[in-house]
Every structure is written in C-alpha cells, then in structure tokens.
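# dropping the sequence and predicted coords here.
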Amino acid sequence: MNSNLIKDIVYGLIVAVFLAIQSSNLIAIGGVFPDLMMILIVAHSFYFGEFKGEIFGFSMGVLVDAMSGTLFGLNAFVYTFLAWFTTIYKRYILVSDIVAFVLYIFIATIIKYIFYVFFHWAFLGIGLLDGAFFLRLGGEILYNLIIAALLFFLTPFLYKREDKPF
C-alpha cells in the first residue's frame with residue numbers, strides 16, 4: 001500500500017478523534033477544555049502553507065459549527081483566519097519551531113476569544129466578559145499549550161514539511 005495513503009488514513013482518523021473529543025468535551029477540566037481543532041489547524045497551516053491551511057481551517061470550522069450549535073459560520077471564519085494568520089506571520093516570527101508553534105497557539109487562542117466576544121456581542125447581544133472569562137481564557141491557553149507541545153513532537157510522523165520560498 002502507498003505510504004502517502006496510509007498517512008492520509010491515519011491523519012483522517014486523528015482528525016475524526018479530535019473532532020469527537022472536542023464535540024463531547026471529554027477532556028474538560030473544571031469547565032475548561034482545549035480547542036483541539038484549532039491546534040490541528042495551526043499545525044496543518046504551519047506545515048502545508050496558506051492555501052491548504054485555509055481550506056482545511058474552513059472545512060473543519062464548518063464541521064465544528066454543525067456539531068456545536070453556536071453561531072453558524074463563526075468557527076469557520078475564526079479557523080480560516082487563524083490558518084491565514086499562521087502562514088502570514090511565520091515569516092516575521094523567527095524562532096525555533098517548537099517555540100514558534102507554542103507562540104502561535106498562544107496568540108491564536110487569544111485571537112479566537114477576541115472574535116468570540118465580538119461576534120457574540122454583535123450578533124446575539126450577549127456579553128461574554130464576566131468574572132470567569134479571564135479564568136477560562138487562561139485555562140484554555142495553558143491547556144492548549146500543553147497539548148500543542150505534545151502534538152508538536154508527534155507531527156514528524158504525520159507531516160513532511162513543505163517549505164515554500166516567500
């Protein structure tokens with residue numbers, strides 16, 4: 001069997017498992033759970049470039065939106081934006097790969113929360129800024145960073161980085 005086909009099947013299974021875990025909140029700790037799809041989208045964009053990352057981010061965002069019941073299109077927009085952000089700003093943030101990946105996850109989580117607060121306020125009239133907001137944000141950042149660091153060491157088995165000249 002072709003090794004690329006095997007990698008694609010394994011990658012699809014990982015995406016399916018991440019999607020199932022995220023939709024069930026199986027690994028929530030104290031009401032805080034990581035955004036596994038965001039971590040996977042940033043990794044995908046980091047390794048495959050802007051176009052493939054944006055397509056992957058949009059399609060995973062639509063799947064998460066369909067399963068979450070929140071504003072339809074919000075996750076698709078946020079994940080597509082984060083895929084674009086990762087590929088554009090990897091030109092300017094020149095640090096080692098693990099540090100860059102963790103830094104992208106940190107910034108991406110903050111950007112995601114900013115979008116969520118703005119769009120919930122603009123479209124639903126719901127203010128998300130309460131006393132526990134910053135605790136949830138800090139908890140998710142910490143949780144995302146731990147899982148992203150673990151995932152980073154597994155990515156050589158899944159990805160062959162496509163370096164593209166800028």
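In hand now; what should we look at?

# quick check: buried residues in the host helix or strand of Thr80?
Thr80 belongs to helix 74-89 when elements are defined using DSSP states H and E. Going by neighbour count (16 or more other C-beta atoms under 10 Å), the buried part of helix 74-89 is 74-87. In short, each C-beta sits where N, CA and C put it, glycine included.

# ok, now stretch 30-48?
Those would be 32-48, for stretch 30-48 by 16+ other C-beta under 10 Å.

# now the buried residues of helix 74-89 as a markdown table including distance to Trp121?
As requested, the buried residues of helix 74-89 are exported to a markdown table (distance: C-beta to C-beta, whole Å):
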| residue | distance to Trp121 |
| --- | --- |
| Leu74 | 12 |
| Asn75 | 17 |
| Ala76 | 19 |
| Phe77 | 15 |
| Val78 | 15 |
| Tyr79 | 20 |
| Thr80 | 21 |
| Phe81 | 18 |
| Leu82 | 20 |
| Ala83 | 24 |
| Trp84 | 23 |
| Phe85 | 21 |
| Thr86 | 26 |
| Thr87 | 28 |
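
# can you add pLDDT and distance to Asn4 and give the residues you listed back as CSV?
Below are the buried residues of helix 74-89 laid out as CSV (pLDDT from 0 to 100; distance: C-beta to C-beta, whole Å):
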residue, pLDDT, distance to Asn4
Leu74, 89, 33
Asn75, 89, 29
Ala76, 91, 27
Phe77, 93, 31
Val78, 93, 30
Tyr79, 93, 25
Thr80, 94, 25
Phe81, 94, 29
Leu82, 92, 26
Ala83, 92, 22
Trp84, 91, 26
Phe85, 89, 28
Thr86, 86, 23
Thr87, 84, 22
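
# which pair of those spans the longest distance?
Leu74 and Thr87 (21.1 Å; C-beta to C-beta).

# quick check: angle from whichever strand or helix holds Phe56 to helix 74-89?
Following DSSP H and E, one finds Phe56 within helix 50-68. Calculated by axes from the mean of the first three to the mean of the last three C-alpha atoms, to 10 degrees, helix 50-68 forms an angle of 160 degrees with helix 74-89.
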